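Q: Need a 3D model of the sequence below.
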Amino acid sequence: MKLVVYVMHNTSKLDDFLHLLKEQNIKGATILKGTGMARKLIENDDMDFIGSLKTLFDNPRIESNVILMALEDEQVPIAIAAVKQVAGDLTQPNTGIVFTVPIDYIEGFKKN
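A: You can find the predicted model right below:
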């Protein structure tokens with residue numbers, strides 16, 4: 001069993017992503033709102049050089065969706081394919097990030 005973590009940068013694609021998961025019989029995900037470290041540093045703007053970081057952001061993102069999915073091993077490639085279908089090429093800037101973490105213990109999890 002794995003925890004799939006997807007940080008979705010384009011939050012307008014959330015519904016599309018959730019529908020893809022549902023079509024693939026993946027029924028459980030937790031969605032959190034997130035803000036990156038660079039964004040918070042810019043908002044605080046306590047230091048002059050931090051303010052200069054503003055010029056690095058072509059399309060400043062206010063928040064991301066952090067999507068957590070506890071999945072059986074065989075469901076992981078399906079979820080990652082859905083991420084790539086919605087996000088596109090994750091090697092490109094501002095598309096998102098996806099990773100997995102092994103789950104050694106889980107309680108309260110309903111199998112599909």
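
Q: hey, let's count contacts and neighbours off CA atoms from now on
A: Will do.

Q: where do the helices sit along the chain?
A: 14-23, 37-44, 48-51, 76-87 (DSSP state H).

Q: The longest one to helix 14-23, inter-axis angle?
A: Spelled out, it's helix 76-87. 150 degrees (axes from the mean of the first three to the mean of the last three C-alpha atoms, to 10 degrees).

Q: Next, give phi and psi for N10.
A: As for N10, its main-chain torsions (degrees, to the nearest 10) stand at phi -90, psi 90.

Q: Hmm, I62 and it touching each other?
A: No. Between N10 and I62 there is no contact under C-alpha atoms under 8 Å: 10.4 Å.

Q: between those two, who's got more neighbours?
A: Remark: of N10 and I62, N10 carries more neighbours, 16 against 12, as counted by other C-alpha atoms under 10 Å.

Q: pLDDT at the more buried one, what is it?
A: We have a pLDDT of 92 for N10.

Q: residues contacting it?
A: Contacts for N10 (C-alpha atoms under 8 Å, 6 or more residues apart in numbering) come out as 64, 87, 94-96.

Q: okay, now D104: neighbour count?
A: Neighbours of D104 (other C-alpha under 10 Å): 7.

Q: Give me the distance between the nearest residue to G88 once chain neighbours are set aside and I78.
A: Nearest residue to G88, sequence neighbours excluded (C-alpha to C-alpha, 6 or more residues apart in numbering): T95, at 7.1 Å. Per C-alpha to C-alpha, to the nearest Å, T95 is found 19 Å from I78.

Q: Over to M37?
A: 30 Å.
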